[in-house]
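Q: Mind folding the following:
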Amino acid sequence: MRMTGNIKKILNNYESDNPGVKANLARILMSGKLAGTGKLVILPVDQGFEHGPARSFAKNILGYDPHYHFKLAINAGLSAFAAPLGMLEAGANTFAGQIPLIMKVNSSNSLSREKGAPSQAITGSVSEAIRLGCSAVGFTIYPGSDAALDMITEIQEIALEAKDAGLAVVVWSYPRGGDISKDGETAIDIVSYAAHMAALVGAHIIKVKPPTSFIELNEAKKVYMSENIPIENLRDRIKHVVQSCFNGKRLVVFSGGSSRNKEDLLKEIKELYLGGASGSIVGRNSFQRPYDEALNLLNQITNVYRGK
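A: Below is the predicted model of the structure:
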């Protein structure tokens, strides 16, 4: 497929990257139903690590099989499929070349004691991502955690290796731990800060949660008020987060969150689109539904990002 002007413009924003990285970014951006639009919908299936198998797959027992998720992502015409090492290995040969893959190279689990210092273990590598034909590696950081500085050091090392090998870098930037309150994890000032940090550590694609209008930090509140930064509705908050990522020069996708009714999810995604989001990364809200229902939902989400 011939590369569109939209994709060429996006790739031009990554001024320091080598042809391998740009080719893999193009591979993601030119795949599926959103090919050439500059928008993305990604299926992530890394929840088993953090939440366990029953909480992740018991609602739809077909989800215990990794092949199910490959098929769902491919048949829905998505931009990429993201998962940890073992899940990608379980379908790498059968589905080779059918959809861009993102290997999640660090993971947490709900059995460990986190409290003020949530962190993740390295569970994959750049060499394994290359072996499996991945287009990118994914890495989570927890801004605010007492372990955040160590995580940032790790992503710097992995990002350097990935870029040298021609792989794109996707950063899940989820504030938590330390002095951040529960409401603060999705506060507009904290989410935009976390997104900006992901851009600063060299992410090509940044994943954050949709922010609320709550402001966590008193010093930030003063600026939001004095500069009249609009944050009352979700659309404006998304614009602010995108602006925080080098004024829109980095791809920013937003998580779908835990399972909820289709109408509320689609309403939110419409606001994400109108706010300038690069796309959505939707896991449990899709694969926990029956297959046909999941396909229909993902098709509707894709249509939102096609402007339909």
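
Q: Going by C-alpha atoms from here, please, whenever you check contacts or count neighbours.
A: Will do.

Q: For stretch 166-186, buried residues please.
A: Within stretch 166-186, the residues that qualify as buried are 166-178, 180, 184-186, counting by 16 or more other Cα atoms under 10 Å.

Q: Any idea which residue is closest to the centre of the chain?
A: Lys207 (3.5 Å; Cα atoms, centre = their mean).

Q: Just the buried residues of stretch 166-186: which are in strands?
A: Members of the buried residues of stretch 166-186 lying in strands (criterion: DSSP state E): 168-173.

Q: Closest one of the residues you listed to Ala58?
A: Nearest to Ala58 out of those is Trp172 (Cα to Cα; 25.0 Å).

Q: Do a quick rundown of the strands in the stretch 51-200 of the chain.
A: With DSSP state E, counting those that start in this stretch as the criterion, the stretch 51-200 of the chain has strands at 80-84, 101-104, 106-107, 121-122, 136-141, 168-173.

Q: Include mean pLDDT when you put the ones you listed into TSV, please.
A: TSV is the format used below for the strands of the stretch 51-200 of the chain (pLDDT from 0 to 100):
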stretch	mean pLDDT
strand 80-84	97
strand 101-104	98
strand 106-107	84
strand 121-122	86
strand 136-141	96
strand 168-173	98
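
Q: could those go into a markdown table alongside distance to Phe214?
A: As requested, these are exported to a markdown table (distance: least, Cα to Cα, whole Å):
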| stretch | distance to Phe214 |
| --- | --- |
| strand 80-84 | 30 |
| strand 101-104 | 30 |
| strand 106-107 | 28 |
| strand 121-122 | 31 |
| strand 136-141 | 21 |
| strand 168-173 | 18 |
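
Q: Out of these, which is the most enclosed?
A: Burial of these is given as mean neighbour count (mean count of other Cα atoms under 10 Å); strand 101-104 ranks first at a mean of 29.

Q: Return the distance of Leu149 relative to Ala168.
A: Note on Leu149: its distance to Ala168, by Cα to Cα, to the nearest Å, is 22 Å.

Q: From the contact counts, what lies against the top helix by length along the chain?
A: In the chain, taking DSSP state H as the definition, the longest helix is helix 148-164. Applying 3 or more Cα pairs under 8 Å, 6 or more residues apart in numbering; DSSP states H and E, one finds that helix 148-164 contacts helix 126-131, strand 136-141, strand 168-173.

Q: List of residues touching the first one?
A: So the one you mean is helix 126-131. 85, 102-103, 135-137, 158, 161-162, 165 (Cα atoms under 8 Å, 6 or more residues apart in numbering).

Q: follow-up on the earlier one: which of the residues in the longest helix of the chain are buried?
A: 148, 151-152, 155, 158-159, 162-163.

Q: which one of these is nearest Pro211?
A: Ala148 (20.2 Å).

Q: could you list every residue that touches the closest one?
A: So, once contact is read as Cα under 8 Å, 6+ apart, Ala148 ends up touching 117, 119, 141-142.

Q: Using a markdown table, please lay out those residues together with distance to Asp264.
A: Formatted as a markdown table, the contacts of Ala148 follow (distance: Cα to Cα, whole Å):
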| residue | distance to Asp264 |
| --- | --- |
| Ala117 | 33 |
| Ser119 | 31 |
| Ile141 | 28 |
| Tyr142 | 27 |
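
Q: Most neighbours among those residues, please name it.
A: Most neighbours among those, by other Cα atoms under 10 Å: Ile141, with 27 neighbours.

Q: dump the residue contacts of that residue.
A: 119, 148, 151-152, 171-175 are the contacts of Ile141 under Cα under 8 Å, 6+ apart.
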